[in-house]
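**Student:** the following comprises the amino acid sequence and a computationally predicted model.
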Amino acid sequence: MSMGRRTIGLVLVLTASITVIGPHAGAVTRPDPVAALKRQLDGHGGVRASSVYRIVWGPKKDHVTRRSRAVYRFGGGGIVALDLRHSKPSADGASRAVVFPARSYGWYPDRPAYLPEGKSWILDTERNELYLECGKIRLSDPATLRHVLSTTTAKRPAGVYDGTRTTLYEGSTTIGKLYKLNPRLWVGDFEKPTGRYASYTKLPVKWRLWLGPDQLVRRCQTRYDEPEYPWNVKDRSLTTADVRFSGWGDAIHIEPPPAEEVATRDELVFPDHD
């Protein structure tokens, strides 16, 4: 499965971590979400995520809703594997992707005609960036997480998610500030926020994070505008993301599909067109 410009990803992490405040023994302590994130990424567990993206456009408020479930495995300071399942894939799109840094496998349940008999997976050998994402915010990047939390404008007790009571943080940043931290950020899935899209650097990205007492993110929401088409920067679509996380630190095992069910790109057979 080709990752295209939308590299896989979608989610967050953090684990309990303590920062000592002040030089004296017994000083007050406070949890540090960024240090907690790094500790999770250095571990050997993972996390599960369920995501709902809703895109609204046009005067009639046309919309599409995309749902997915994912399992992530951490290690060595990053994400080492991802198993992503889409509820409604696009035409000829994969319903499932198993992704590693140097290869990925896309699963096609209806087996398109170009797949050899007996094969239901397609192997791609491109290098992949694996990260936890919530809308435009790459929350597996410590610098991005630090920036987002620095823009907090409100904080209050919130509901219970993944069996733990949470604190809700909310605030707003901009496309431009996120782009400085993540040069691979795309606007409208078409272009970087530069050149003819430079005006989009000022657009706000509103966010909400629900943190447990261990500083793990249990839920994330974002809301932002994007150009509706690459040739029309005036018309915009509104995208909202809602991602929930569970099972932090669980033992996660993600294996490639059976070799006999996998086809390489060279094995695909496409009809000739005159």
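**Tutor:** Cool, the structure landed.
**Student:** over to Arg165: give its phi and psi.
**Tutor:** The phi and psi values for Arg165, taken as degrees, to the nearest 10, are phi -70, psi 140.
**Student:** pull the longest strand from this structure.
**Tutor:** Counting by DSSP state E, the longest strand found in the chain is strand 232-251.
**Student:** quick check: closest non-adjacent residue to Arg218.
**Tutor:** Tyr161 (3.6 Å; Cβ to Cβ, 6 or more residues apart in numbering). Bear in mind the C-beta positions are built from the backbone N, C-alpha and C, glycine included.
**Student:** the one you found pairs with what?
**Tutor:** When assigned by DSSP bridges, Tyr161 has beta-bridge partners Thr164.
**Student:** can you name the next helix or strand after the longest strand of the chain?
**Tutor:** Downstream of strand 232-251, the first helix or strand assigned by DSSP states H and E is strand 262-263.
**Student:** surely the residue nearest to Arg218 meets Leu216?
**Tutor:** No: counting by Cβ atoms under 8 Å, Leu216 is not a contact partner of Tyr161; they are 9.9 Å apart.
**Student:** common neighbours of these two, please.
**Tutor:** Phe245 (Cβ atoms under 8 Å, 6 or more residues apart in numbering).
**Student:** of the two, give the one with the bigger neighbour count.
**Tutor:** Here Tyr161 and Leu216 are compared on neighbour count by other Cβ atoms under 10 Å; more neighbours surround Leu216, at 27 against 18.
**Student:** what about the more buried one, distance to Asp162?
**Tutor:** Remark: distance between Leu216 and Asp162 (Cβ to Cβ, to the nearest Å) = 8 Å.
**Student:** same check on Gly45?
**Tutor:** Between Gly45 and Asp162 the distance is 14 Å, computed by Cβ to Cβ.
**Student:** got it, and Ser50?
**Tutor:** Computed as Cβ to Cβ, the Ser50 to Asp162 distance reads 11 Å.
**Student:** now do the shared contacts for the two.
**Tutor:** Common neighbours of Ser50 and Asp162 (Cβ under 8 Å, 6+ apart) are Arg244.
**Student:** next, the angle strand 232-251 makes with the helix or strand where Val34 lies.
**Tutor:** In this structure, Val34 sits in helix 33-42 according to DSSP H and E. Helix 33-42 and strand 232-251 are oriented at 60 degrees to each other (axes from the mean of the first three to the mean of the last three Cα atoms, to 10 degrees).
**Student:** in helix 33-42, what's buried?
**Tutor:** Pro33, Val34, Ala35, Ala36, Leu37, Lys38, Arg39, Gln40, Leu41 (16 or more other Cβ atoms under 10 Å).
**Student:** same check on stretch 74-81?
**Tutor:** For stretch 74-81, using 16+ other Cβ under 10 Å, the buried residues are Phe74, Ile79, Val80, Ala81.
**Student:** also stretch 165-182?
**Tutor:** 166, 168-171, 173-179, 181-182.
**Student:** endpoint to endpoint, that stretch covers what distance?
**Tutor:** Here the two ends of stretch 165-182 are set 31 Å apart, with distance taken as Cα to Cα, to the nearest Å.
**Student:** likewise for stretch 180-195?
**Tutor:** Stretch 180-195 has an end-to-end distance of 15 Å (Cα to Cα).
**Student:** buried residues in it?
**Tutor:** Residues Leu181, Asn182, Leu185, Trp186, Val187, Gly188, Glu191, Lys192, Pro193 are the ones in stretch 180-195 that count as buried (16+ other Cβ under 10 Å).
**Student:** picking that back up, out of the buried residues of stretch 165-182, which comes closest to Gln221?
**Tutor:** Nearest to Gln221 among the buried residues of stretch 165-182: Glu170, at 8.6 Å, using Cβ to Cβ.
**Student:** now the closest one: which helix or strand?
**Tutor:** Per DSSP H and E, Glu170 falls inside strand 164-174.
**Student:** got a list of contacts for the helix or strand following that strand?
**Tutor:** The helix or strand immediately downstream of strand 164-174 is helix 175-181, counting by DSSP H and E. With Cβ under 8 Å, 6+ apart as the test, helix 175-181 has contacts from 136-138, 141, 143-144, 147, 185, 187, 192-193, 200-203, 205, 224.
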